[in-house]
Each structure stands twice: as C-alpha cells, then as structure tokens.
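> Structure of the sequence below:
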Amino acid sequence: MPNNYPRYVRSLKNSLFYERSWPSRLKHLGRPRFTHPLRLKLGQYTEAELHRAYAAANDEFDLQLKLMENSGSNAFTETEIEKAATALLRKQRLNAGDFEHDDDFHHYAEQLVPGVFMRRQILPLIELET
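Model prediction:
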C-alpha cells in the first residue's frame, strides 16, 4: 500500500493509528494528542477497511472532544453515552457486564472514574436547588 494515508493517519510499528491534536483551548485538560489504533496492519487492509476504521476513529475523537467540552448529561444522546461508556471500558480492558454479579462493584467504578459516587450523590442536590 502506498503511504498516502488520509489526514491524521500515521503508521507505527507495522500498524496504523489515527492521531490528532486536541484544540489548543483543551490541551490543559490532559494529553496534547488523541491517538486511536485503527487495528490495521500495514499492507494487509483494503481501502474500504481503512475508511471504515478512519470514520470510527474520527467519531471517537468527536465524542471525546464533546465529553471534554460538556459536563452535563443533557448535552449527550443515549447513543453517545453508550459509546463513551464502551470506550471507557475498552481503555480499561473491561466489557459491559463484567461486574454484573459483584456486590462490591462500586469500588471498581470508583477506580475507573474517581469521585463518581460522590458526584452522583451531590448532583441531584444541585439540580433540586436550581
């Protein structure tokens, strides 16, 4: 395959990655770049596979950007919330339902998203006041 990759696609160690800088107004929130593996090996993919993987990575970037810019759940559709939760689990090498029968699941959730239960208890109180 030629090295004419779509914008934001680069090769590293025989694989392709989507890599893009965050807008400068958001770089203070974390890493300066968004990197997402396309799960394609060099020379072992079709153009259609590359474009599908590229579109999925671009959607993931847009969702992460939206998550960084918005704090209220009202800004997200149900599908976006599902995608964000799936992405968070994937980054932690977990699957939906892994702790379904575990009564101690809140400790795992607290490790994934520090303060998740404290926010869950405070947010309804804030919403009642407004």
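
> Where is the longest helix in this protein?
The residue-count maximum for a helix in the chain (DSSP state H) belongs to helix 47-69.

> quick check: angle from the helix or strand that it is followed by to helix 47-69?
As assigned by DSSP states H and E, the chain's next helix or strand after helix 47-69 is helix 78-91. Helix 78-91 runs at 100 degrees relative to helix 47-69, counting by axes from the mean of the first three to the mean of the last three Cα atoms, to 10 degrees.

> For Phe9, give me the pLDDT.
You called it Phe, but residue 9 is Val. Note on Val9: pLDDT of 96.

> just checking, it touches His51?
No. Between Val9 and His51 there is no contact under Cβ atoms under 8 Å: 10.3 Å. Where you see a C-beta, it was placed from the backbone N, CA and C, and this is true even at glycine.

> between the two, who's got more neighbours?
Relative neighbour count places Val9 above the other of Val9 and His51, with 19 against 12, counting by other Cβ atoms under 10 Å.

> For Met68, give its distance to Asp59.
Remark: distance between Met68 and Asp59 (Cβ to Cβ, to the nearest Å) = 15 Å.

> Oh, that last question was meant for Glu82, not what I typed.
In terms of Cβ to Cβ, Glu82 sits 13 Å off from Asp59.

> quick one, domains of the chain?
Using automatic domain parsing, the domains assigned to the chain come out as 9-96, 106-130.

> what about the first one, start to end distance?
Okay, so that is domain 9-96. From its first residue to its last, domain 9-96 covers 29 Å (Cα to Cα, to the nearest Å).

> Extract the C-alpha set from stretch 24-37 and format it as PDB.
What follows is stretch 24-37, C-alpha atoms only, in PDB (Å, rounded to 0.1, in the frame of the first residue of the first chain):
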ATOM      1  CA  SER A  24      -5.400  24.400  22.000                       C
ATOM      2  CA  ARG A  25      -8.200  25.500  24.300                       C
ATOM      3  CA  LEU A  26      -8.400  22.000  25.700                       C
ATOM      4  CA  LYS A  27      -4.800  20.800  25.900                       C
ATOM      5  CA  HIS A  28      -4.600  21.800  29.500                       C
ATOM      6  CA  LEU A  29      -7.100  19.000  30.300                       C
ATOM      7  CA  GLY A  30      -4.800  16.100  29.500                       C
ATOM      8  CA  ARG A  31      -2.600  14.700  26.800                       C
ATOM      9  CA  PRO A  32      -1.800  17.000  23.900                       C
ATOM     10  CA  ARG A  33      -2.900  14.400  21.300                       C
ATOM     11  CA  PHE A  34      -5.700  11.900  20.700                       C
ATOM     12  CA  THR A  35      -4.400   8.600  19.500                       C
ATOM     13  CA  HIS A  36      -6.600   5.700  18.500                       C
ATOM     14  CA  PRO A  37      -5.400   2.400  17.000                       C
END
